[in-house]
Every structure is written in structure tokens, then in C-alpha cells.
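*Asks:* when you get a sec, could you give me coordinates for this:
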Amino acid sequence: MAQSLRKKHSIGDRIFTIVNGALLALIALACLLPFVNVIASSFASTQEIVAKKFVLFPTTFSLDAYKYIFSTPTIFRGLGVSVGVTLVGTLVSMALTALMAYGLSRRYLYGRNPINFVVVFSMLFSGGMIPTFLVVKSVHLIDSYWSMIIPTAINAFNLIIMRNFFQSLPDALEESAKIDGCTDFGVFLKIMLPLSLPSVATISLFYGVAYWNTYMNAILYLNDSLKWPIQVLLRQIVIVSSGMQGDNSSVAIVPPAQSIKMAVIVVATLPMLIAYPFVQKHFVKGAMLGSVKG
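*Replies:* Numbers count the residues shown, from 1 in each chain. The predicted model follows:
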């Protein structure tokens, strides 16, 4: 009786594993197919895109869309701007977020609760677009690269995750370090920060993606098209390739095909896809530890 029951459970487990694996494979395939379609369409001709609607492998391989995108040095300048803003912005944001998060994680900090309240309040309410623009203008950041960094230097959500991560570390580490003569900044720099690498990697990815996708701040604060990041330039390319009114000075030739839109998505997404595997192993651990402990 017991053996037959074990066999039944064993068969049930096998069926569940097979069904579960097949379902997960279908979900993964459903997530992957649209991206494969975007990549394939970026290499396909206009006629093939119109005829097939959904392309998984182009029969007529063409690089015209990418030749059009990279036909002007403006694109390379935009890539340089985006890379610079992403690197500098991520470093600035991580420095400010880590310092503030560590301070707010210390229970003996005077005024800690009111500051935490202000941080949470800023997640729900903001000054709005026009007041923010007036502030940026009053500090003379219009047409400056810093206008894409400073207004969004600290994200309240990322700050709370990192603060909770610091709170999860034992207080005994700080106490023993101070007994040995270490200062508060020394404790943060030499002990707490190295132990927080999973959280640092996770928050750095959040900030990096946000800065790479910077679009609205560039539209609002940058009047000089030579300072536009890649996202704004790609928007101009899509507008021109669609036959809509746009700034033709940012592109050099007439777009060859509808596949230009798909190529734009690939160019805008590829850098982040390349960077993600390097921090992926820290991603889940850093986000979970910082979100469930407080």
C-alpha cells in the first residue's frame, strides 16, 4: 500500500514537473519572441516587414537601417553623451544615496524619523514639472549636462532599499570598529560599504538604466541639440523616418526602410542588455535583503 502510494506520488511529481516546465517554457518563449521579432525586423527589408507582419528570420538580410542610424557623427556624439551621463550620474547617485542611507540607518541619528518621513513623502508627492524647471533654471543648469543628473540624483525608493540593507547589518560591527578607533566615515567606507556590495550592484543597475533612458529631462533642460543624449536623437530619427515633422539637422540621409524603428529599439536597448549579466548575480539578493528587512 505504502509502495503504491509512493509510486502514485512519484508519478504525480513527474507530471507536475513536466507541466510546470512546459508552462514556464511557453511563458519564456512568449517573452522572447517579441524581442527576436524586433532584432529580425531591424535586418529585414521594408517589403518583407509589410508582407509578413511578424518576422522571426529575415529572408533578405539588410544593414540599411543601421547604416542610416550611424550615417552621421551626431549619433556617436549622442552615444558619448549618454555613456558619460550614465557613468557620472550613477557614481554621483550611488555616493549620495549610500551616504544618506547609512546615516538614516543609524538609530541614534537625531531627527532620523522626520527625515525618513520626508523621504517617503517625496515618493507620493512632488513639486511638479514647472516648479522643478524653475528651480533648475534658477541655479543656472539649463543647457548643462548636470541638469540630467542633479534633479534625479537621489531616488527615494532606492534610498529606502539601501537604508534597510544597512539596518540589516549587525550593530556589533560598528561598535567593535569604533573601539579600535575607527571614525564614522571609516566604519562606512571600510566595513559597511564592502559588506553591501549586493545592494550597491542592484541600486547601481537601477540608476544606470534610469540615466541611460534619460529623455524627459533632456527635452526640458537642453536647448542645444549637440548635447542631446542618444534617446532624444533616436526619437528624432523615428520622427523623420515616419515622415513626420522633426529636426532634420540631426540626421544625414533619407531613411531607407520601416526597419529603422526596430533598429532604434535595438541600439537603445543593447548597452543595458550587455551590462546586466555582470550584476545579475547580485540583483535578487540585493533587492530582497533591502526590501524585507527594516
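*Asks:* ok, which stretches of the protein are helices?
*Replies:* In order along the chain, the chain carries the following helices (DSSP state H): 2-42, 46-52, 64-69, 73-105, 112-124, 129-138, 156-168, 171-179, 184-187, 193-195, 197-212, 216-221, 230-241, 259-292.
*Asks:* can I get those helices in TSV including mean neighbour count and mean pLDDT?
*Replies:* (Each C-beta comes from the backbone N, C-alpha and C, glycine too.) Conversion of the helices of the chain to TSV gives the following (neighbours: other CB atoms under 10 Å; pLDDT from 0 to 100):
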stretch	mean neighbour count	mean pLDDT
helix 2-42	12	79
helix 46-52	15	74
helix 64-69	20	81
helix 73-105	18	90
helix 112-124	12	88
helix 129-138	13	90
helix 156-168	21	89
helix 171-179	12	83
helix 184-187	14	85
helix 193-195	13	85
helix 197-212	21	87
helix 216-221	18	90
helix 230-241	21	78
helix 259-292	16	70
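*Asks:* between those helices, which one is closest to Tyr145.
*Replies:* Within the helices of the chain, the stretch nearest Tyr145 is helix 73-105; the backing value is 6.2 Å (CB to CB).
*Asks:* who does that closest one touch, helix- and strand-wise?
*Replies:* Counting contacts by 3 or more CB pairs under 8 Å, 6 or more residues apart in numbering; DSSP states H and E, helix 73-105 packs against helix 112-124, helix 156-168, helix 197-212, helix 230-241.
*Asks:* will you turn those into CSV that also has distance to Val135?
*Replies:* CSV is the format used below for the helices and strands packed on helix 73-105 (distance: least, CB to CB, whole Å):
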stretch, distance to Val135
helix 112-124, 14
helix 156-168, 17
helix 197-212, 19
helix 230-241, 22
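*Asks:* which residue is nearest the middle of the chain?
*Replies:* Val209 (1.9 Å; CA atoms, centre = their mean).
*Asks:* surely it meets Met272?
*Replies:* Yes. If you go by CB atoms under 8 Å, Val209 and Met272 touch, sitting 5.7 Å apart.
*Asks:* circling back: would you reformat the helices of the chain as JSON lines and include distance to Ile149?
*Replies:* Written out in JSON lines, the entries for these read as follows (distance: least, CB to CB, whole Å):
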{"stretch": "helix 2-42", "distance to Ile149": "30"}
{"stretch": "helix 46-52", "distance to Ile149": "38"}
{"stretch": "helix 64-69", "distance to Ile149": "26"}
{"stretch": "helix 73-105", "distance to Ile149": "4"}
{"stretch": "helix 112-124", "distance to Ile149": "18"}
{"stretch": "helix 129-138", "distance to Ile149": "11"}
{"stretch": "helix 156-168", "distance to Ile149": "15"}
{"stretch": "helix 171-179", "distance to Ile149": "31"}
{"stretch": "helix 184-187", "distance to Ile149": "24"}
{"stretch": "helix 193-195", "distance to Ile149": "22"}
{"stretch": "helix 197-212", "distance to Ile149": "7"}
{"stretch": "helix 216-221", "distance to Ile149": "9"}
{"stretch": "helix 230-241", "distance to Ile149": "15"}
{"stretch": "helix 259-292", "distance to Ile149": "18"}
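*Asks:* so which of the ones you listed gets nearest Ser144?
*Replies:* Counting by CB to CB, Ser144 lies closest to helix 216-221 out of these; the figure is 7.6 Å.
*Asks:* contact partners of that closest one?
*Replies:* Helix 216-221 is contacted by residues 129, 133, 136, 141-144, 147-148, 151-152, 227-229, 231-232 when judged by CB atoms under 8 Å, 6 or more residues apart in numbering.
*Asks:* picking that back up, which one, of the helices of the chain, ends up nearest to Pro58?
*Replies:* Using CB to CB as the criterion, the shortest distance between Pro58 and the helices of the chain is 5.4 Å, found for helix 2-42.
*Asks:* report the distance from that closest one to the chain centre.
*Replies:* Average the C-alpha atoms of helix 2-42, do the same for its chain, and the two points are 29 Å apart (CA atoms, centre = their mean, to the nearest Å).
*Asks:* same for it, what does it pack against?
*Replies:* Applying 3+ CB pairs under 8 Å, 6+ apart, one finds that helix 2-42 contacts helix 259-292.
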